[in-house]
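Student: Kindly generate the corresponding structure for this input.
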Amino acid sequence: MATKKLTGTKIEKKIIPTGPWRDFINPPLEDIDSIVAQYDFHELDKEAILEENQYARIDTYDDYLFLVLHFPKYEPTTERYIHNELNIFVGKDYLISFRYYQSKTMKRVYDAYEARLEKWEKTTPAFLLYDIIEHYLDKTMKMLERFGKDLKILERELFSSRGSDTIRALMIRKRNIIALKHMMKPQIGVLKMIEIRMKERFSDEVELYFENLEDKLDKIFSEIQLLQENIDSMEDTLKSIFELETNTTIKYLTVFSAFMLPLTVVTGGFGMNVESGHFSNTLIALSIAGVILFLLIVLLLFRSKKLL
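Tutor: Reported below is the predicted structural model:
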């Protein structure tokens, strides 16, 4: 696993000072150590914060839950979807999050949370967790909608232009949709387990909210599968078009070869040393007539078989 980057002078840290939520952005090691010691978190959870985890997961303890969640982010420079990892500790009266990236989605959740604090509205860790996950899932669905619109444009280009750029664009989208599928699939089980644990530790009231998150994730995964099927269909269509074009080329090469065969025989014959005179002229005339007759027969055969 790759170690997450801990910087020194360029660290940006933002901690919400009041309420149950503390959000750490690019935390230095001393802050992580302090939080782990203060809440008596497991040492393995600390390692998970410091290292990049390959899959989403949930770890259950007596006093808290530890979550590793992944949400996609598109990188235009590499034309790839990468995962933004979010590490969350959820206790009875606190939620602590760690991340190593700026996030407009997280800022919207924070702004809404801060507004509730200013109004002295009660916010529980369970509903905070719901808000965070819901915002990220909504963002992912919008991302897939843009992906689908882009794919429709590419599908139209597929029939008008089959150049290397179009083929490359199709392969990039195939790679990206597979990456999204691998990223989101493990979280289906994780969300189901979160729903169970939230109900156990908080109240039955939160169950409906987390069931809603499961529905959203199911829709996201169904949309990913649909997009993958569309890409596979486009790839099959492209292969069929190329096979048809190849067969057409071979057909014309076959016809051309058939036309050239008698000419090759005649020119080969005249390349031999023969006596000039009446016999030679007669031979030339008969050869030309034979070639013309042969070509007419070949032409009629190809036309009858609809090869031309």
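Student: CA only for contacts and neighbour counts going forward, please
Tutor: Fine.
Student: Contacts for stretch 70-90, please.
Tutor: 49, 52-53, 55-56, 64-69, 95-101, 125-126, 136-137, 140, 172, 176, 179-180, 183-184, 187 (C-alpha atoms under 8 Å, 6 or more residues apart in numbering).
Student: same question but for stretch 30-38, I mixed them up
Tutor: Against stretch 30-38 from outside (C-alpha under 8 Å, 6+ apart): Phe41, His42, Glu43, Lys46.
Student: ditto for stretch 217-226
Tutor: Taking C-alpha under 8 Å, 6+ apart as the rule, stretch 217-226 contacts Leu137, Thr140, Met141, Leu144, Ile177, Leu180, Lys181, Met184, Lys185, Ile188.
Student: helices or strands up against whichever helix or strand the last one is part of?
Tutor: Meaning Ile188. For Ile188, the enclosing helix or strand under DSSP states H and E is helix 186-201. Contacts defined by 3 or more C-alpha pairs under 8 Å, 6 or more residues apart in numbering; DSSP states H and E place helix 186-201 against strand 57-60, helix 205-270.
Student: tell me the helices in the chain, going along the chain?
Tutor: Ranges of helices in the chain, per DSSP state H, are 29-39, 43-50, 104-118, 125-160, 164-184, 186-201, 205-270, 278-304.
Student: what mean pLDDT would you report for the last one?
Tutor: Translated: helix 278-304. For helix 278-304, mean pLDDT rounds to 62.
Student: returning to what we had before: would you single out the least confident of the helices and strands packed on helix 186-201?
Tutor: helix 205-270 (a mean of 77).
Student: what about the residue lying closest to Asp138 once chain neighbours are set aside, distance to Arg99?
Tutor: Of all residues not flanking Asp138 in the chain, Lys216 sits nearest, at 7.9 Å (C-alpha to C-alpha, 6 or more residues apart in numbering). Using C-alpha to C-alpha, to the nearest Å, one obtains 23 Å as the distance from Lys216 to Arg99.
Student: now swap in Asp40 and tell me
Tutor: Where Arg99 is concerned, Asp40 sits at a distance of 20 Å (C-alpha to C-alpha).
Student: Compare neighbour counts for these two and give me the winner.
Tutor: Between Asp40 and Arg99, counted using other C-alpha atoms under 10 Å, the more crowded position is Arg99 (19 against 10).
Student: domains for the protein, by residue range?
Tutor: 21-243, 244-304 (automatic domain parsing).
Student: and the ones you listed, which is most packed in?
Tutor: domain 21-243 (a mean of 16; mean count of other C-alpha atoms under 10 Å).
Student: Switch the helices of the chain over to a markdown table; also include distance to Pro20.
Tutor: Formatted as a markdown table, these follow (distance: least, C-alpha to C-alpha, whole Å):
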| stretch | distance to Pro20 |
| --- | --- |
| helix 29-39 | 13 |
| helix 43-50 | 20 |
| helix 104-118 | 10 |
| helix 125-160 | 6 |
| helix 164-184 | 28 |
| helix 186-201 | 16 |
| helix 205-270 | 17 |
| helix 278-304 | 82 |
